[in-house]
Structure formats: structure tokens, C-alpha cells
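Student: Got a predicted model here, sequence first, then my questions.
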Amino acid sequence: MALTKWALDPTHSEVTFKIKHLMIANVSGEFTKFAVDAETEGEDFTKAKVTFTTNVTSITTGNEQRDGHLKTDDFFNAEKFPEIKFTATKYEQVDNDGSYELYGDLTIRDTTKSIKLDVEFGGIVKDPWGNTRAGFSINGKISRKEFGLKWNAATEAGGLVVGDDVRVHCDIQLVKEA
């Protein structure tokens, strides 16, 4: 079967995250510069080769001071480790409603860990301009400390300023290359 390459549609895709602040509410953020390289056999994503990368300096939380701190060695150290990378190792169907599990290796700050992500496959359609598109909604949770993002401070009451668990959400649209 012929190999099919898929390109990211960045105008219809997003990579966001949430993390607890003061353990009472969430702070949200996103990465605005990212890429997906995907290659399938025909239109079958179960055996796809997929690599995702994001530029750490594109992080934004709506607060310039916090964004600057996230780029320092306390967190991502964007100067030394400018990229976050995920390479898929397995994609398997969970049930017939479009639910899948995506396994792969996530690298942050030169630390690589295997993770599992939940995927809702939206399907494959032709758009009004004749392009073939595939849509995915991806969710997961990682421990930031496992990747060397360990900065924290204690509150007066003994709680922590920043939670450990980071919830990740991605909406990704891919376009089949001609």
C-alpha cells in the first residue's frame, strides 16, 4: 500500500495545558508554534509514524512575567532545551466509537519518558476545496517533576504554588499531502 504523508493545519489545531495554581484553581496556557509529521499506509492511522514537536519559546499563559519565568531554568530552560518532542510508538483502538490510546516517548529538557494519551478520532473528510482532512482530540496528564520542571514554593499555609500534574489537550487537524 502507498505511503501517505499528512501535514498539520496550524489554523485549525491547538496545543493547550492546565496546571493547578495554589492548589485551588487552574492556570491555562498554550504553545503557539508546533509541528506534526505523520505518515500512514493509505488512510490507516493505526500504524502511523507520528512525530510532534513544539517550540518552547512559543509558550503563552496570558501573563508575560509568568511566560518569561517558564522559559528559565526553573522550568523549561528554553535556551538550552528549545524543543519538546513526542514520537508515537503505538496507536490502538479502545472501542468502536472512535476512542484510541496513543503511546509514545515524550522528551522535555533531555528527559524522555513513555506516556499514554487518550485520543478521540474525529474521522476523515473531504473539505469544500477537495482536501482530505483527519481530526484528532488528544488528552493526557504528565508529571512535570518527572521531566525536571521542579521549581515550586510553599504558601504561608504550607501548600504549594504550582501543582505537579499537567493536563494536556490538543486538537489536531491534518491534511493529506498531494
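Tutor: Cool, the structure landed. For clarity, every value in this text was computed on a predicted model and none was experimentally measured.
Student: For V168, name its beta-bridge partners.
Tutor: F17, G140 (DSSP bridges).
Student: so how many other residues sit close to it?
Tutor: When neighbours are counted by other CB atoms under 10 Å, V168 registers 19. In short, each C-beta sits where N, CA and C put it, glycine included.
Student: One more: S28?
Tutor: S28 - counted by other CB under 10 Å - has 13 other residues nearby.
Student: cool, V56 as well?
Tutor: Counted by other CB under 10 Å, the residues lying close to V56 total 21.
Student: do I59 as well
Tutor: Other residues close to I59 by other CB under 10 Å number 23.
Student: Now do the helices in the chain.
Tutor: 64-70 (DSSP state H).
Student: give me the low-pLDDT residue ranges for it?
Tutor: Low-confidence segments of the chain (pLDDT under 70): 1, 20-24, 149, 151-162, 164.
Student: ok now do H169, which residues does it touch?
Tutor: Counting by CB atoms under 8 Å, 6 or more residues apart in numbering, H169 touches 15-18, 137-139.
Student: if I look at it, how far off is T72?
Tutor: Using CB to CB, to the nearest Å, H169 is found at 25 Å from T72.
Student: repeat for F86
Tutor: To T72, F86 is 23 Å away according to CB to CB.
Student: With neighbour numbers in mind, choose between the two.
Tutor: Remark: of F86 and T72, F86 carries more neighbours, 25 against 12, as counted by other CB under 10 Å.
Student: Once you drop chain neighbours, what's closest to the more buried one?
Tutor: Among residues not flanking F86 along the chain, F52 sits closest, at 4.3 Å (CB to CB, 6 or more residues apart in numbering).
Student: Which strand residues bridge the one you found?
Tutor: Following DSSP bridges, F52 is listed with bridge partners V36, F86.
Student: which residue sits closest to L70, ignoring its sequence neighbours?
Tutor: Spatial nearest neighbour of L70, chain neighbours left out: I59 (5.5 Å); criterion: CB to CB, 6+ apart.
Student: which residues touch the one you found?
Tutor: I59 sits next to 29-31, 67, 70-71, 76, 78 when contact means CB under 8 Å, 6+ apart.
Student: repeat that for 6 Å
Tutor: I59 makes contact with 31, 67, 70, according to CB atoms under 6 Å, 6 or more residues apart in numbering.
Student: One more: T40?
Tutor: Going by CB under 6 Å, 6+ apart, T40 touches 4, 48.
Student: could we number from 721 for the rest of this?
Tutor: Sure thing, new numbering starts at 721, so read that last one as T760.
Student: Tell me the spacing between it and V845.
Tutor: 16 Å.
Student: ok, now E812?
Tutor: Taking CB to CB, one finds E812 at 23 Å from V845.
Student: same check, this time on R829
Tutor: Per CB to CB, R829 is found 38 Å from V845.
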